[in-house]
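> quick one, structure for this:
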Amino acid sequence: MKRFTRLQLVFASALLLAGSGVVLKADNHIPKGYNTPIPVDVLTPDSVQTRIGTFNYFDGFPDDETMLKARRQGDLGRGVQTFLNFMPAASLEMLYVGHRDGYGMKPNQDIGIFDDLMSSKSLWLTGNTDTVYASAFMDLSDGPMV
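Residues are numbered from 1 along each chain as shown. Predicted coordinates:
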């Protein structure tokens, strides 16, 4: 095991002593007030004009009316999002109703198969002219279907 020499111990002690003096000096320095000027662009203004009304703030915090307007806007956004998210489900339901009422197809009993291939005149959004299409609906409310 290597032992420390006397010179190394003196040097380490001097280094610790010098470092502790810097810490004490830094600890005693207390700045008064704000030292750095804050740009006006990053501060929250007292009043902001929006399309849903005027938002009023005091010390960066919204007042009660502003919070109510923001909450109503958030609720509207969530309502629109819910409407858009359920459009595919509504489309699928109407596809089922069309098969049931328009063609008389019954779930778990009938499968609709196209007689011919589609042509370029078909009114399907993504219909292919070389694919045989079939559709059926299953009702699993009574359990699995085999």
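
> and the contacts of the longest strand along the chain?
If you go by DSSP state E, the chain has its longest strand at strand 53-58. Outside strand 53-58, the residues within contact range by C-beta atoms under 8 Å, 6 or more residues apart in numbering are 44-48, 62-63, 65-66, 69-70. All C-beta atoms are positioned from the backbone trio N, CA, C, and that covers glycine.

> and with 7 Å instead?
44, 46-48, 62-63, 65-66, 69 (C-beta atoms under 7 Å, 6 or more residues apart in numbering).

> quick check: Asp116 vs Ser135, distance?
15 Å (C-beta to C-beta, to the nearest Å).

> same deal with Ser47?
On the measure of C-beta to C-beta, Ser47 and Ser135 end up 58 Å apart.

> which of the two has more residues huddled nearby?
More crowded of Ser47 and Ser135, by other C-beta atoms under 10 Å: Ser135, with 14 against 9.

> and that one, what are its phi and psi?
Ser135 adopts backbone torsions of phi -150, psi 150, taken as degrees, to the nearest 10.

> I'd say it and Gly112 touch.
Yes - the criterion here is C-beta atoms under 7 Å, and Ser135 meets it with Gly112 at 4.9 Å.

> pull up the overlap in contacts between the two.
His99.

> which of the residues in stretch 82-98 are buried?
Buried residues in stretch 82-98, counting neighbours by 16 or more other C-beta atoms under 10 Å, are absent.

> wait, I meant stretch 132-144
In terms of neighbour count (16+ other C-beta under 10 Å), stretch 132-144 has its buried residues at Phe137.

> residues touching it, excluding its own?
Contacts for stretch 132-144 (C-beta under 7 Å, 6+ apart): 96, 99, 107-108, 110-114, 117, 145.

> all set, thanks.
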